[in-house]
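Novice: Coordinates for the following, if possible.
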Amino acid sequence: MLHLDDAQVRALLPAPAKQVALMRETLLALADGSASVTPKSQVVHEEGGFANAMPAAWPERGLLGIKWVTVTPSNRERGREMIGGLMVLSAADGSTRATMDAAELTAQRTAAVTGASLALDDRPVVFLGTGVQARSHACVLEALGRGPLTVWGRRPEALEELTAWCAEHTPGLSLRTTTDRAAALDGAGVVVSGLPIGLTGQALRPGEVAADATLLPIDYASVAGAEISRTGTVVADDPEQFEALRPLKHGADYPAATGATGDLLREGRPEGLVVVQNLGSGLGDLVLADAVARAAGA
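Specialist: Got it, this is the predicted structure:
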């Protein structure tokens with residue numbers, strides 16, 4: 001049986017622009033119901049840490065698989081990656097087609113889904129945070145020609161490290177960095193937030209961003225909290241999953257999603273503030289894992 005580690009997955013993943021195209025197809029399939037997915041099953045294994053089981057199937061494409069993903073905040077203190085896990089791909093007869101490490105797959109899928117959602121708004125992008133997702137998003141934005149990218153971070157040294165990384169890996173992307181959040185958000189059209197999940201004290205308040213901004217949080221409600229989200233339209237990659245997780249992950253007072261991200265990609269963006277809560281569907285991981293497995297000859 002074929003197993004691919006994160007380095008092999010990284011090498012075999014499609015180019016960022018292709019990943020974005022695949023995630024657009026995934027978001028449309030989630031919206032029209034042609035794929036079979038269930039809300040994430042979750043267990044807690046440390047304070048602030050959790051693990052999810054994410055099964056998915058896309059019958060018309062012959063795709064079946066499950067991702068087991070772990071989020072371990074204490075790994076930061078050990079100098080290890082916070083996100084890990086395993087992807088299992090099944091063949092049409094139910095046998096195991098391939099397995100692969102899930103950390104790189106998760107990081108790339110998250111950024112690619114953001115990239116697909118950027119079709120809703122062509123204004124400049126601000127990214128809040130300097131972690132691994134800032135880097136994967138930089139790759140996607142360069143591939144889409146969506147610069148300049150403004151990145152806000154609390155630590156100057158983290159911004160310097162990101163600047164050096166982007167100079168080497170995304171030289172075609174115009175990058176601006178700042179420790180002044182208000183300055184980063186001033187006039188921002190699209191705000192992607194990648195702060196630690198569950199972080200308090202960083203939620204946006206009405207008036208901090210444009211009244212018609214597009215918010216693309218990958219940190220649940222750390223930035224796009226209930227107060228500002230109630231002033232606009234909320235959609236999600238998988239509204240059923242979002243509703244199942246909303247009380248736990250976002251709070252009981254967080255507004256429900258009125259539709260799917262794929263609905264807006266198909267029908268157009270409504271006026272006013274739009275919050276796109278793409279929580280991460282196992283279908284996106286499955287589609288990218290299939291592309292990786294095909295590239296490996298499986």
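Novice: Residue 224 reaches residue 214, doesn't it?
Specialist: No: using CB atoms under 8 Å as the test, residue 224 is too far from residue 214 to be in contact (10.4 Å). Quick note: C-beta positions are derived from backbone N, CA and C, even for glycine.
Novice: Need the overlap of contacts for the two.
Specialist: Overlap of the contact sets of residue 224 and residue 214 (by CB atoms under 8 Å, 6 or more residues apart in numbering) is empty.
Novice: What average pLDDT does stretch 69-79 get?
Specialist: Averaged across stretch 69-79, pLDDT comes to 85.
Novice: swap that for stretch 93-101, sorry
Specialist: 94.
Novice: could you point out which element follows the helix or strand of the chain with the lowest mean pLDDT?
Specialist: None of the helices or strands of the chain scores lower by mean pLDDT, DSSP states H and E than helix 75-78, at a mean of 84. Sequence-wise, the next helix or strand downstream of helix 75-78 (DSSP states H and E) is strand 83-90.
Novice: tell me what that next one is packed against?
Specialist: strand 63-71, strand 96-101, helix 103-117, helix 282-295 (3 or more CB pairs under 8 Å, 6 or more residues apart in numbering; DSSP states H and E).
Novice: can you rerun that using 10 Å?
Specialist: The helices and strands touching strand 83-90, judged by 3 or more CB pairs under 10 Å, 6 or more residues apart in numbering; DSSP states H and E, are strand 2-4, strand 49-58, strand 63-71, strand 96-101, helix 103-117, helix 282-295.
Novice: Distance from the last one to the middle of the chain?
Specialist: When you say that, I think you mean helix 282-295. 15 Å (CA atoms, centre = their mean, to the nearest Å).
Novice: Just the CA coordinates for it, please, in CSV.
Specialist: Once non-C-alpha atoms are left out, helix 282-295 reads as follows in CSV (Å, rounded to 0.1, in the frame of the first residue of the first chain):
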residue,chain,number,x,y,z
GLY,A,282,-13.4,16.6,4.1
LEU,A,283,-14.4,16.8,0.4
GLY,A,284,-11.8,19.4,-0.3
ASP,A,285,-9.1,17.2,1.3
LEU,A,286,-10.4,14.2,-0.7
VAL,A,287,-10.2,16.0,-4.0
LEU,A,288,-6.7,17.2,-3.4
ALA,A,289,-5.6,13.8,-2.1
ASP,A,290,-6.9,12.2,-5.2
ALA,A,291,-4.8,14.6,-7.3
VAL,A,292,-1.7,13.7,-5.2
ALA,A,293,-2.4,10.0,-5.5
ARG,A,294,-2.9,10.2,-9.3
ALA,A,295,0.4,12.1,-9.6
